[in-house]
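*Asks:* no sequence on this one, just coordinates:
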Ligand SMILES: Nc1ncnc2c1ncn2[C@@H]1O[C@H](COP(=O)(O)OP(=O)(O)O)[C@@H](O)[C@H]1O
Ligand SMILES: O=P(O)(O)O[C@H]1O[C@H](CO)[C@@H](O[C@H]2O[C@H](CO)[C@@H](O)[C@H](O)[C@H]2O)[C@H](O)[C@H]1O
């Protein structure tokens, strides 16, 4: 690991160099590692902050590292500094059995030789340190812990790491708060904090209002590292609920309609809080250009898409043609990666939306662009289709009835029925299905048939809903 440290707060020199061989093995195995398929060939250190001294029972380091990877997974491919990751590294003499899943490795060189390094988010004491820093609005090295003026954090909340499959890592504190630590981090305004803060200012009850957040100031730029928000106790996410109803052969239309209403309420509040723009032919052409380019990349990455490429492209050209005839659309800030798993239903039946990060692989600037609300609607329509395909035994008409009910709910609360824009909807649903094909090929190849079946439909359909 090259020691190009931006900030180090105390700690034995050479500590991080000693972690290099362990991290090379450990990092690519993490669910949240974004550079799958290419080996990690080294690291450069972006920042390191000591949060608990190594001579204590538990040592704790906050570390930001850039993983170096070859451009393509082929011998001789040039190595380049790639994504930056946030790690919380604990150091102990030995790991108790309950921390076995957290093991990074045994340090064999440097000042901590003989100790064990592990993912500290699994451990109580390190997780408490983070909450305490947020509670007290601490500043430690380049790390800033901030808290909203109107929310208190009480002491004594017991932490537990969430074990669900996630793109990031979340710790729940006493069923009162949940802290999401972003794993792949980028400098700049992050919509996962920006949008919930804007919605809280609007008084929108559909999104848990950020209680506190954690940022790093590095080289004159701010990086969002984590967000603490109220934990919705006893909540079930929409995906789980949909699968449960499907397993019973039950219709989900009433919940789909409620979800449509919730989505429309969030969109209305976002349109009030942040700028909206009108998309004319120039902007639509750009948008269609992006969709077409993503399709071309997806076809290169997943050859199974090739037979459908022409049909899928027609969904995009139809939108361009409509704009050329004078069609215009309003664009605004949206969720950007809405699906059933991002919707939480409280035991009283209230739906909330979470995870405003947008599609994690896209550059931040792109994720923050205003877009037609249909972008989110298309995400949800795809999700009903996903759920229907994942059911043990098919329930005829299930997805169709959910899709219709969702649009009805959206129209009731938002004053706009997405089905009145079939060309736009088909283009966005196609763009989403293409994204999903690449996502599944990369992360869960056994799921690939699900978006591929939508691809077959969308490549021939005249309209989406
Ligand atoms: N405010 C909340 N209350 C209860 N559970 C939550 C809350 N926020 C997130 N979760 C749970 O944590 C999971 C991961 O959160 P999410 O923001 O989607 O993280 P990621 O970006 O890592 O996928 C969600 O699927 C949900 O189960
Ligand atoms: O939850 P994330 O923000 O990390 O989103 C990513 O992972 C999702 C899967 O966990 C993926 O969603 C796809 O699968 C869902 C079922 O597991 C389905 O409900 C969604 O409709 C489908 O897109 C999402 O695309 C990806 O960005």
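*Replies:* The structure has been received and is ready for your questions. The structure displayed is predicted, hence computed values, not measured ones. Ligands and ions are numbered 1, 2, ... in the order given.
*Asks:* what residues are up against the nearest residue to residue 262 once chain neighbours are set aside?
*Replies:* Once flanking residues are discounted, residue 262 sits nearest to residue 351: 4.1 Å by CB to CB, 6 or more residues apart in numbering. In short, each C-beta sits where N, CA and C put it, glycine included. Residues counted as contacts of residue 351 (CB atoms under 8 Å, 6 or more residues apart in numbering) are 206, 238, 258-259, 262, 343-345.
*Asks:* show me where the chain has helices.
*Replies:* 15-26, 124-135, 191-201, 238-247, 253-273, 281-301, 309-324, 364-367, 374-390, 398-414, 422-443, 449-458 (DSSP state H).
*Asks:* please identify which of these is closest to residue 159.
*Replies:* Using CB to CB as the measure, helix 124-135 is the one of these that comes nearest residue 159, at 3.6 Å.
*Asks:* now residue 234. Nearest residue, chain neighbours left out?
*Replies:* Nearest to residue 234 is residue 347, by CB to CB, 6+ apart, at 4.5 Å.
*Asks:* and the one you found, backbone torsions?
*Replies:* phi -60, psi -20 (degrees, to the nearest 10).
*Asks:* OK, contacts around the nearest residue to residue 211 once chain neighbours are set aside?
*Replies:* Excluding the flanking residues, the one nearest residue 211 by CB to CB, 6+ apart is residue 151, at 4.3 Å. Residue 151 is in contact with 209, 211-212, 230, counting by CB under 8 Å, 6+ apart.
*Asks:* run through the stretch 1-150 of the chain and note the low-pLDDT ranges.
*Replies:* 1-13, 15, 73-74, 77-80 (pLDDT under 70).
*Asks:* where does it get nearest to ligand 1, residue-wise?
*Replies:* Of the residues in the stretch 1-150 of the chain, the one nearest ligand 1 is residue 32, at a distance of 7.1 Å by CB to the nearest ligand atom.
*Asks:* assess the claim that that residue and residue 168 are in contact.
*Replies:* Yes - under the criterion of CB atoms under 8 Å, residue 32 makes contact with residue 168 at 5.9 Å.
*Asks:* now for the two: what residues contact both?
*Replies:* residue 183.
*Asks:* what about the two, which has more around it?
*Replies:* Each of residue 32 and residue 168 has its neighbours counted (other CB atoms under 10 Å); residue 168 has more, 20 against 17.
*Asks:* quick one: contacts for residue 459?
*Replies:* Contacts of residue 459 by CB under 8 Å, 6+ apart are 308, 310-312, 314-315.
*Asks:* and the residue in the stretch 251-400 of the chain that ligand 1 sits nearest to, how many neighbours?
*Replies:* When scored by CB to the nearest ligand atom, the stretch 251-400 of the chain has residue 355 as its residue closest to ligand 1, at 3.4 Å. Residues near residue 355, counting by other CB under 10 Å, number 23.
*Asks:* and the pLDDT at it?
*Replies:* On pLDDT, residue 355 comes in at 97.
*Asks:* related to what we said a few turns ago, export the contacts of residue 151 to JSON lines and tack on distance to residue 81?
*Replies:* Formatted as JSON lines, these follow (distance: CB to CB, whole Å):
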{"residue": "209", "distance to residue 81": "36"}
{"residue": "211", "distance to residue 81": "34"}
{"residue": "212", "distance to residue 81": "31"}
{"residue": "230", "distance to residue 81": "37"}
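*Asks:* among the residues you listed, which are located in strands?
*Replies:* If you go by DSSP state E, the contacts of residue 151 have 212, 230 in strands.
*Asks:* residues touching the residue lying closest to residue 229 once chain neighbours are set aside, list them.
*Replies:* Distances taken as CB to CB, 6+ apart put residue 208 closest to residue 229, at 4.1 Å, once the chain neighbours are dropped. Contacts of residue 208 were listed using CB under 8 Å, 6+ apart, and they are 196, 229-232, 352, 354.
*Asks:* generate a PyMOL selection restricted to the buried subset of the residues you listed.
*Replies:* In PyMOL, a selection of the buried entries from these looks like this (16 or more other CB atoms under 10 Å):
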select buried, resi 196+229+231+232+352+354
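*Asks:* most widely separated two among the contacts of residue 208?
*Replies:* 196 and 231 (14.0 Å).
*Asks:* and the stretch 201-350 of the chain, which residues reach ligand 1?
*Replies:* 208, 229, 231-232, 235, 237, 341-342, 344 (CB under 6 Å from any ligand atom).
*Asks:* of those, list those near ligand 2.
*Replies:* Within these, those near ligand 2 by CB under 6 Å from any ligand atom are residue 341.
*Asks:* any chance of the residues of the stretch 201-350 of the chain next to ligand 1 in TSV, plus pLDDT?
*Replies:* TSV is the format used below for those (pLDDT from 0 to 100):
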residue	pLDDT
208	97
229	98
231	98
232	97
235	97
237	97
341	96
342	97
344	98
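*Asks:* measure stretch 214-229 end to end?
*Replies:* 12 Å (CA to CA, to the nearest Å).
*Asks:* what comes up buried for it?
*Replies:* So, applying 16+ other CB under 10 Å, buried residues of stretch 214-229: 214-218, 223-229.
*Asks:* one more: stretch 113-131?
*Replies:* 115-124, 126-131.
*Asks:* if the residue nearest to residue 133 when sequence neighbours are not counted is in a bridge, with which residues?
*Replies:* Closest residue to residue 133 apart from its sequence neighbours, by CB to CB, 6+ apart: residue 145 at 4.2 Å. Counting by DSSP bridges, residue 145 is bridged to residue 214.
*Asks:* and residue 145, how many neighbours?
*Replies:* By other CB under 10 Å, neighbour count at residue 145 equals 22.
*Asks:* go on, residue 395?
*Replies:* 18.
*Asks:* is ligand 1 contacted by the strand ranked longest in the chain?
*Replies:* Across the chain, the longest stretch assigned as strand under DSSP E is strand 79-92. No - residues of strand 79-92 are not located near ligand 1 by CB under 6 Å from any ligand atom, the shortest gap being 12.3 Å.
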